[in-house]
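[1] quick one, what's the 3D model for this:
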Amino acid sequence: MPGADQLTLTTATALPRELQTSAFFFDVDGTLLELKPMPQDVVADAALRDLLRALAARNAGAVALVSGRAIADLDRIFAPLILPAAGLHGAEIRFPDGVRTHTGAGIMDHARPDLARFVAAHPGLMLEDKGATLAVHFRQRPDLASDVLTCMRRFAPGDDIAVQEGKFVVELKPAGFDKGSAIASLLRHPPFAGRKPVFYGDDLTDEAGFSFVNKYGGLSVRIGQSDVPTQAQAHLDDPAAMRHAIMDILGARDSDT
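    Residues are numbered from 1 along each chain as shown. Purely as a prediction, here's the structure:
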């Protein structure tokens, strides 16, 4: 698997022509920003917002966020910057022209009461209700990982609901949506249409995005551990390295950094 230096060199030598033909898709938690114990504590700093704004300005706006978070939460994190976005693993999308698609919160009504009781009975767990998805975080109780997964699987009967595992979280989501399908949807709309997708992610939830981008002839990059199984083509160490990669794409890094 290529290391960060290889990725930086490859990206830099493809500029500026490659920038004009690429569409950039970014996961948020663990990719653009470090993970926090509580999801609501994550906020983008001005330097990161400026990098994303500059990248969008340089490639006709073909920059989007692709996240398990709700779009409203992404807007909170990056305010006042507003970008095209796929939230809830693609169950809601905001296209560049402002048109939105979304799955109603009612799809999770069958699971909400029992999941709330399960979480209340296990101190240290946190239930995050995002509307069309429900996530149980166990960062404070990693010993309960197996119990959380078993519980969540009980609420995914048939073909309508899927279980999505992530870093210290298990999520119920509408079946048929993932980050691959989200990127595919955005690529059908300008300014993304006709461009090569470049997707950065860090987690199991991003593997569907990596798989799609690879088949589409794009570039997939995993952030974080380099020794885990992944479909990503390349690797960066952490969100700090991710920022440096964006600087390289923009040609903004000093030669000695």
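[2] can we go C-alpha only for contacts and neighbour counts from here?
    Will do.
[3] pLDDT below threshold where in the stretch 101-250 of the chain?
    158 (pLDDT under 70).
[4] please, where are all the strands along the protein?
    For the chain, the strands defined by DSSP state E cover 22-26, 63-66, 85-87, 92-94, 100-102, 126-129, 134-137, 161-166, 169-174, 196-201, 219-223, 234-236.
[5] just put those in CSV and tack on distance to residue 183 and mean neighbour count.
    Formatted as CSV, those follow (distance: least, CA to CA, whole Å; neighbours: other CA atoms under 10 Å):
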stretch, distance to residue 183, mean neighbour count
strand 22-26, 7, 25
strand 63-66, 8, 27
strand 85-87, 8, 29
strand 92-94, 10, 23
strand 100-102, 14, 13
strand 126-129, 24, 18
strand 134-137, 22, 24
strand 161-166, 18, 19
strand 169-174, 17, 24
strand 196-201, 8, 26
strand 219-223, 12, 24
strand 234-236, 18, 24
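[6] in CSV, list those along with distance to residue 244.
    Putting the strands of the chain into CSV (distance: least, CA to CA, whole Å) gives the following:
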stretch, distance to residue 244
strand 22-26, 14
strand 63-66, 17
strand 85-87, 22
strand 92-94, 27
strand 100-102, 32
strand 126-129, 32
strand 134-137, 30
strand 161-166, 25
strand 169-174, 28
strand 196-201, 13
strand 219-223, 12
strand 234-236, 10
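[7] wait, which of those strands is closest to residue 249?
    strand 22-26 (10.9 Å; CA to CA).
[8] what's the distance between residue 152 and residue 224?
    26 Å (CA to CA, to the nearest Å).
[9] got it, and residue 141?
    In terms of CA to CA, residue 141 sits 22 Å off from residue 224.
[10] swap in residue 138?
    Residue 138 is 20 Å from residue 224, by CA to CA.
[11] what is the burial count for the closest residue to residue 246 other than its chain neighbours?
    Once flanking residues are discounted, residue 246 sits nearest to residue 51: 7.0 Å by CA to CA, 6 or more residues apart in numbering. Here the number of neighbours of residue 51 (other CA atoms under 10 Å) works out to 17.
[12] next one: residue 155
    Residues near residue 155, counting by other CA under 10 Å: 18.
[13] was I right to think it contacts residue 113?
    No: at 11.3 Å, residue 155 does not count as touching residue 113 under the criterion of CA atoms under 8 Å.
[14] quickly list the domain ranges of the chain.
    For the chain, automatic domain parsing gives the domain ranges 4-103+177-250, 105-174.
[15] deepest-packed of the ones you listed, please.
    domain 4-103+177-250 (a mean of 19; mean count of other CA atoms under 10 Å).
[16] report the distance from it to the chain centre.
    Put simply, domain 4-103+177-250 sits 7 Å off its chain's centre (CA atoms, centre = their mean, to the nearest Å).
[17] gap between residue 186 and residue 157?
    From residue 186 to residue 157 the distance is 29 Å (CA to CA).
[18] how close does residue 81 sit to residue 19?
    Where residue 19 is concerned, residue 81 sits at a distance of 21 Å (CA to CA).
[19] with residue 112 instead?
    Residue 112 is 44 Å from residue 19, by CA to CA.
[20] please apply the same query to residue 240.
    Residue 240 is 21 Å from residue 19, by CA to CA.
[21] all helices of the stretch 101-250 of the chain, in order?
    Per DSSP state H, counting those that start in this stretch, the stretch 101-250 of the chain has helices spanning 112-120, 145-153, 179-186, 207-215, 239-250. These are given in chain order.
[22] returning to what we had before: just to check, the residue nearest to residue 246 is in contact with residue 248?
    No: Residue 51 is beyond contact range of residue 248, at 10.7 Å (criterion: CA under 8 Å).
[23] let me see the contact set for residue 89.
    66, 67, 68, 69, 173, 177, 178, 179, 182, 205 (CA atoms under 8 Å, 6 or more residues apart in numbering).
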